[in-house]
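In: The amino acid sequence is not available; the structure is as follows:
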Ligand SMILES: O=c1ccn([C@@H]2O[C@H](COP(=O)(O)O)[C@@H](O)[C@H]2O)c(=O)[nH]1
């Protein structure tokens, strides 16, 4: 059971210091198979960090959350196909045309380069946003409806999966069954103090898994802990 859950855990390496990021990979390499490179690490270290992690026989989730006009996204994803990555992200709020260009671009480049393509994942509404934040930026739709709507458009445009908060899992799972990968950050258990924690829609690791997450992304709860491996196993044991 523990192993099944571990296969679904992605650890976010949110550091500007690549030595620190690689240290975490080293500590967790027997437990975790996929590590996430986000904007901070990618901007600080550049693309070479991808190969450094892959050389330890680990998969890379390159989480750049691209959000731009369709043509720019198309070209960016074409360029991204140079890297050997397992999964990457774009924002569903970029709209239907952007999602379609993203999907077409990644498929065309993979066929042209005869190379396996990464999974393309659309972020719905960031887990740091509360209902009040959404109303303030003009998203007056019920939060659940909005996530569902963005997920539906993503699926219609052939996107492989979506990012949402764990709180939205019950109805997303009911709607999409196994037709869309469900990926949830926002995992919290309160054991590690996270200064200025910005997550607003969160839940525990086990709850997210029981409610149908295909992958959960965990960062600071593990990476800021004195003993990251112990923190990971503590999360695994907690309801
Ligand atoms: O809606 C989203 C999309 C992406 N993330 C990313 O997940 C991790 C979460 O890290 P924690 O330290 O566990 O909060 C982080 O890399 C985010 O960029 C997200 O949190 N919410």
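Out: Okay, I see it. Please read all numbers here as calculations on a predicted model, not as lab measurements.
In: Below-threshold pLDDT in the chain: ranges please.
Out: Regions of the chain meeting the criterion pLDDT under 70 cover residues 1.
In: quick one, longest strand in it?
Out: Longest strand in the chain, counting residues (DSSP state E): strand 59-66.
In: Listing partners with orientation, what would you give for that strand?
Out: Paired with strand 59-66 in the same sheet, following DSSP bridges, are strand 34-37 (parallel), strand 87-91 (parallel).
In: Please identify the buried residues of it?
Out: Going by neighbour count (16 or more other Cβ atoms under 10 Å), the buried part of strand 59-66 is 59-63, 65-66. Where C-beta positions appear, they are placed from N, C-alpha and C, glycine not excepted.
In: mind putting those residues in JSON lines, distance to the ligand included?
Out: As requested, the buried residues of strand 59-66 are arranged in JSON lines below (distance: Cβ to the nearest ligand atom, whole Å):
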{"residue": "59", "distance to the ligand": "16"}
{"residue": "60", "distance to the ligand": "13"}
{"residue": "61", "distance to the ligand": "10"}
{"residue": "62", "distance to the ligand": "12"}
{"residue": "63", "distance to the ligand": "6"}
{"residue": "65", "distance to the ligand": "7"}
{"residue": "66", "distance to the ligand": "13"}
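In: Pull the most distant pair out of those residues.
Out: Greatest spatial distance among these (Cβ to Cβ): 59 and 66, at 19.5 Å.
In: Go ahead and confirm residue 213 touches residue 9.
Out: No: Residue 213 is beyond contact range of residue 9, at 9.8 Å (criterion: Cβ atoms under 8 Å).
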